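>>> quick one: sequence plus predicted model below, questions after.
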Amino acid sequence: YNIINLPGGNVSSTAMVDKVVHELMDTAGVTGIAIGIIHDNQPTYVKTYGYRNKTLRLPNDTNTSFYAASLAKALFATVVMQLVDKRQIDLDKPLSSYLPKPLPEYENYKDLAGDDRWTLITGRHCLEHSTGFPNWRQLNPTGSKKLQIFFTPGSRYAYSGEGIYLLQFVVEIITGQPLEALARKYVFEPYGMINTSYVWQPSFEKNY
């Protein structure tokens, strides 16, 4: 069996990894999965398991496109940090300072009118999930389905997709480019990620 270097200096065999993956897939009822093991910043094992279409018995391959869900947040953070390096955005500067008009004057943020704590929110708050927003406004625990700040930004953690969306909104205003173009420039193209996108691509239809 081939030996794989694992994070933390541990080693395993490809057979053991395969065994664990198959057991987890069976337990959770997972149709298909792709894994990559990274050691010393290099991939040491990449393999796909199961099907991209179980009904048609079409297997996954290393080019199969998966719905990434919130993994997209970490990728977005990578884009933002490159903009930080280029001094296009300061993570500790209030996001409101980058906007041509007050945040509540934008349709998507009109719910924040009357609560000036929106002026405190920074890019760091968005990335570390401490904006005070709920995860999504539709899940507002009051049942109002409105965007609301529940605590002083930066005072504690509460996972929030709304915070990430706010930072995306500001980043797109700062750069004058949509997130898809920024991700393509700073991540997808430099790393050869030809099958990755923030928006659906017709080429995905053949293998997703």
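Received it, and whenever you're ready, just let me know what you need.

>>> going forward, measure contacts and count neighbours with C-alpha atoms only.
Fine.

>>> max-length strand in this protein?
strand 42-53 (DSSP state E).

>>> now do the SS call for Pro190.
With DSSP: H, G, I helix; E, B strand; the rest coil as the basis, Pro190 sits in coil.

>>> and for it, the neighbour number?
Look at Pro190: counted by other C-alpha atoms under 10 Å, it has 11 neighbours.

>>> show me the shaky parts of the protein.
The chain contains residues with pLDDT under 70 at 1.

>>> which residues sit against the longest strand of the chain?
With contacts defined as C-alpha atoms under 8 Å, 6 or more residues apart in numbering, strand 42-53 is touched by 4-5, 31-38, 57-62, 64, 207-208.

>>> which residues in the chain form helices?
With DSSP state H, the ranges of helices along the chain come out as 14-28, 71-85, 123-127, 161-175, 179-183.

>>> tell me the most buried of those?
The highest mean neighbour count among the helices of the chain, using mean count of other C-alpha atoms under 10 Å, belongs to helix 123-127: a mean of 23.

>>> which helices and strands sit right next to that helix?
With contacts taken as 3 or more C-alpha pairs under 8 Å, 6 or more residues apart in numbering; DSSP states H and E, helix 123-127 sits against helix 161-175.

>>> elements contacting the helix it packs on?
helix 123-127.

>>> put the alpha carbons of the helix it packs on into CSV.
C-alpha atoms of helix 123-127 as CSV (Å, rounded to 0.1, in the frame of the first residue of the first chain):
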residue,chain,number,x,y,z
GLY,A,123,-14.4,44.0,7.3
ARG,A,124,-12.8,42.1,10.2
HIS,A,125,-16.2,41.9,12.0
CYS,A,126,-17.6,40.4,8.8
LEU,A,127,-14.9,37.8,8.4
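
>>> which residues sit against that helix?
Residues outside helix 123-127 that contact it (C-alpha under 8 Å, 6+ apart): 77, 90-95, 131, 153-154, 160, 163-164, 166-167.
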